[in-house]
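Novice: below are the sequence and a predicted model; questions follow.
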Amino acid sequence: MTNVSNGEQNATVVITHRVKEGCEELYQKWLDEIVPRSKTYPGHLGVMIIRPVPGATSTFTVVIRFDTQDHLHAWMGSNERKRLIEKVKPYLADDDQFLVRSGLDFWFTPEAAKAKLPKRWKQFLVTWSAIYPLVLLAFPTVELAFQKLAIPDNRYFRTLIVTCVVVLLMVYVVMPRYTKAVHRWLFN
């Protein structure tokens, strides 16, 4: 799936790779090669890798941010990236799949993404209404887990874990279902 939105604001690419069984270590070595290369391109703002849950999934999700669409497209269309994608293909169960969007738009974009995006205020309300209860539940849950595991209370570490759990749930569990449930309102 390839989809591109234009604009001058920062841009995010969400790349998904389903890795063949037994190739996870080779894929990780490939990530160790490609991630530092992406960081050398102008406008690079950061990269986040969401690894699969062992025994449950085989999909790696890589989120890369650039300051502009042009800078992101320079990396995505570069000969260097094309060469590295060819190198990783033997380890992948599917093709290199990615979606390019500005800001948080990728949460609100249907897979057949020729649809218009919802108004920003609707995106704000849906995102906020999803994050608020998750944060309310995540903080006490993580706090309880820390107590049960006898992990010393450190607000920075606890906040790191809570935000990781919230983002993970937002991307993989909540937003795909929530945006589907409120689709009619979002896109009217």
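Specialist: In hand now; what should we look at? Numbers count the residues shown, from 1 in each chain.
Novice: use CA for all of it now, contacts and neighbours both
Specialist: OK.
Novice: can you pull the domain assignment for the protein?
Specialist: 11-103, 120-186 (automatic domain parsing).
Novice: most tightly packed of these?
Specialist: Mean neighbour count (mean count of other C-alpha atoms under 10 Å) peaks for domain 11-103 among these, with a mean of 16.
Novice: distance from it to the middle of the chain?
Specialist: 10 Å (C-alpha atoms, centre = their mean, to the nearest Å).
Novice: which strands and helices sit next to the lengthiest helix in the chain?
Specialist: Looking across the chain with DSSP state H, the single longest helix is helix 120-148. Helix 120-148 is packed against helix 155-169, with contacts defined by 3 or more C-alpha pairs under 8 Å, 6 or more residues apart in numbering; DSSP states H and E.
Novice: rerun that using 10 Å as the cut-off
Specialist: helix 155-169, helix 175-181, helix 183-186 (3 or more C-alpha pairs under 10 Å, 6 or more residues apart in numbering; DSSP states H and E).
Novice: make CSV out of the domains of the chain and add mean pLDDT.
Specialist: CSV is the format used below for these (pLDDT from 0 to 100):
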stretch, mean pLDDT
domain 11-103, 87
domain 120-186, 88
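Novice: what sits against the residue of the chain most remote from its centre?
Specialist: The centre of the chain is farthest from one residue, residue 150, which by C-alpha atoms, centre = their mean lies 31.0 Å away. If you count contacts by C-alpha atoms under 10 Å, 6 or more residues apart in numbering, residue 150 has them with residue 144.
Novice: quick one: residues contacting the residue nearest the centre of the chain.
Specialist: Most central in the chain under C-alpha atoms, centre = their mean is residue 63, positioned 4.4 Å from the mean C-alpha point. Residues near residue 63 by C-alpha under 10 Å, 6+ apart: 12-16, 46-50, 98-100.
Novice: and the residues you listed, which of them are in strands?
Specialist: In strands, defined here by DSSP state E, the members of the contacts of residue 63 are 12-16, 46-50, 98-100.
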